[in-house]
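**Q** Model the following, please.
(2 chains)
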Amino acid sequence: MSIYDFVVKTNKGVEKSLADYKGKVLIVVNTASKCGFTPQFKDLQDLYMKYKDKGLEILGFPCNQFAGQEPGSNAEVQEFCRLNYGVTFQIFAKGDVRGDNAQPLFQYLTQQQGFKGFDTAHPNAALLQKALEEHFPEYLEGDSIKWNFTKFLIDREGKVVARFEPTTEPSALAKEIEQLL
Amino acid sequence: MVKVYSINECPWCEKVKKYLKSKHVDFEEHNIEENEADRDACYKLTGDTIVPITTIDDKNYVVSFDKAKLDALLGL
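**A** The predicted structure follows:
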């Protein structure tokens, strides 16, 4: 079994085999689907713009299993629409990434790279930990996806080499990405 | 040529297009949801994928249906 065996649906409902990404360095990330714009979307897009010509692809999987907080939410009606959260990398169809209906790709990814705790150096780590303990304690169990923007780094041969929890910002992945490119 | 960047089912885009038609302004519609090249061009121009974007010179642009700014941009 390898990551290239998985077939997923894009946000347009088109089937895509992950084998199409052989030879690329991949970041697979579960994204918030109700947040219109979060800093992590922008940071991921910045990473993409920086490394896509060198062989990086980012695959975003929207999910609404996590009651997303929308930073900077304002009460005004937005007088515009934003396509794909402002990113130009591939967004896939909305689906579950944890629990009984977790899509097979995410079951595989969490088997390959388990949960090692939140990056306690990050100021949000304690907040996220506390919020989960209070509201979704079952999410903390096992190797499941804990929140939006969990990132998996995959090398050019399809090996899932690292997992980064939501509290690790996209820019912190740059060094490891460069080593794989 | 005036360009309008749009996506499907976007009420703000519809407003812009309707307004331009009412003022007899010719424009090219570029749907960034359907066309990747258009999406990349829009992103390059604005640094985002927000629509509607109206531009006359691929440099200055108006976001959303902003009548005052559209009039200023197009000399209406």
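**Q** Okay, now the unreliable bits of chain A?
**A** Within chain A, the segments meeting pLDDT under 70 span A:33-38, A:67-78.
**Q** what residues does it put near chain B?
**A** Contact residues (CB under 8 Å from any CB of the partner chain) of chain A with chain B: A:79-84, A:86-88. (Glycine included, C-beta is placed from N, CA and C.)
**Q** Pick out the residue in chain B sitting closest to chain A.
**A** The nearest approach of chain B to chain A comes at B:Thr49, 4.0 Å away (CB to the nearest CB).
**Q** mind listing what that residue touches?
**A** Going by CB atoms under 8 Å, 6 or more residues apart in numbering or on different chains, B:Thr49 touches A:82-84, A:86-88, B:32, B:39, B:42-43.
**Q** cool, A:Tyr139 as well?
**A** Neighbours of A:Tyr139 in contact, by CB under 8 Å, 6+ apart: A:98, A:132, A:146-147.
**Q** can you list the residues you listed in a markdown table and add secondary structure and neighbour count?
**A** Output for the contacts of A:Tyr139, formatted as a markdown table (DSSP: H, G, I helix; E, B strand; the rest coil; neighbours: other CB atoms under 10 Å in any protein chain shown):
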| residue | secondary structure | neighbour count |
| --- | --- | --- |
| A:Arg98 | coil | 25 |
| A:Leu132 | helix | 17 |
| A:Lys146 | coil | 23 |
| A:Trp147 | coil | 23 |
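**Q** what two of those are the furthest from one another?
**A** A:Arg98 and A:Leu132 (12.0 Å; CB to CB).
**Q** Could I get the full set of strands for the chain?
**A** Using chain A here. With strands called from DSSP state E, chain A shows them at A:7-9, A:15-17, A:25-32, A:56-63, A:81-82, A:90-91, A:151-154, A:160-164.
**Q** if you could check chain B rather than the one you did, that'd help
**A** Under the criterion DSSP E, chain B contains strands at B:2-6, B:27-31, B:50-51, B:53-55, B:61-63.
**Q** count of residues packed around A:Lys130?
**A** Number of residues near A:Lys130 (other CB atoms under 10 Å in any protein chain shown) recorded here: 10.
**Q** Understood, closing this out.
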